[in-house]
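# Give me a 3D structure for the following:
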Amino acid sequence: RQNTDVRVSTPRTSFMEQAIAANERKQLLEKSKRWPCFYPIFITKDRSVAQGRKIPKADCCDNPTSLELAHIASALKLPHVMERFKLHPRSFMLKPNQMVLPGRVRVQLWNDNKEPLNKQIPTREAFMKFAGKNIPQLKIRHQRIAHAQAQEKARQAAIEKAQAKKSGKNKKKGRKGKKKR
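Model prediction:
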C-alpha cells in the first residue's frame, strides 16, 4: 500500500492564489476604465475619417488587430488591458467584407500626476502613430499574414478541384451502344 500523506499542494493555497489573482484582475479593470481606448480602426489605412480613422494615412497600416495593438503597448512597457469583444461604434456602418477583427485596447499613457509613463509616447496621437509605423514589423503579424495566404491557397485549390470534378461529369461519353447499320 502506498503512502498517501504526501501532497504536492494544498487546496487552500491554490484557492487563495486564484482569489488573489481574481482580485488583482478586478482592481486592474476598475483602474483601466479611465485609460484611453484604442480601436484598430483608428489606424487602418483603408478607412476614412468618417469611418473612424484618427491619424493621417501616411502613419497608418493595413488591417491591424487589437492583439497587435496590445503587443505594441507591451513593447513600450505600458500597462494595458485588451477587451477582445468590443466593437467601434462606427463599425455597424461597414459591410461584412470590410469588417476588421473586433477588440479594443485600453492603455495607461499617464500616471496619476498626468505625466507620461513613456517619454516617447506623451499623447494618444503619438501612440497611434507609433503603432501604425511599427505594427508592420511585428512577428505575429507576419505569421498571421502567412497563415491567411496559406488558407487562401488551400481554398483556391479546393475550388479548382471541385470545378475539375464537375466539368468531368458533364462531358458526353460518346456513342456507346449505338451500332451503325
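# residues in contact with stretch 43-56?
Stretch 43-56 is contacted by residues 39, 41-42, 57, 59-64, 88, 90-91, 93-94, 98, 100, 125, 128-129, 131-132, 135 when judged by Cβ atoms under 8 Å, 6 or more residues apart in numbering. Where you see a C-beta, it was placed from the backbone N, CA and C, and this is true even at glycine.
# what ranges do the helices span in the chain?
Ranges of helices in the chain, per DSSP state H, are 11-32, 66-75, 124-134, 139-169.
# now the angle between helix 124-134 and the shortest one, please.
Spelled out, that is helix 66-75. 110 degrees (axes from the mean of the first three to the mean of the last three Cα atoms, to 10 degrees).
# Serialize the helices of the chain to a markdown table and add fields for mean pLDDT and mean neighbour count.
Formatted as a markdown table, the helices of the chain follow (pLDDT from 0 to 100; neighbours: other Cβ atoms under 10 Å):
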| stretch | mean pLDDT | mean neighbour count |
| --- | --- | --- |
| helix 11-32 | 70 | 11 |
| helix 66-75 | 89 | 20 |
| helix 124-134 | 91 | 19 |
| helix 139-169 | 83 | 10 |
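# for those, which one sits closest to residue 104?
helix 66-75 (5.9 Å; Cβ to Cβ).
# roughly how far is that closest one from the heart of the chain?
Put simply, helix 66-75 sits 9 Å off its chain's centre (Cα atoms, centre = their mean, to the nearest Å).
# any idea of the angle it forms with helix 139-169?
Using the same axes, to 10 degrees: helix 66-75 against helix 139-169 is 160 degrees.
# contact partners of helix 66-75?
Residues from elsewhere that reach helix 66-75, judged by Cβ under 8 Å, 6+ apart: 38-40, 79-80, 82-84, 101-105, 107, 127, 130-131, 134-135, 138, 140-141.
# sorry, back to before: would JSON lines of the helices of the chain with distance to residue 51 be doable?
Listed next are those as JSON lines, based on distance: least, Cβ to Cβ, whole Å:
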{"stretch": "helix 11-32", "distance to residue 51": "26"}
{"stretch": "helix 66-75", "distance to residue 51": "17"}
{"stretch": "helix 124-134", "distance to residue 51": "15"}
{"stretch": "helix 139-169", "distance to residue 51": "22"}
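# And the contacts of stretch 104-119?
So stretch 104-119 is contacted by 31-33, 35-40, 66, 69-70, 73, 76-83, 86, 88, 121-124, 127 (Cβ under 8 Å, 6+ apart).
# If anything else comes up later, I'll come back, but that's it for now.
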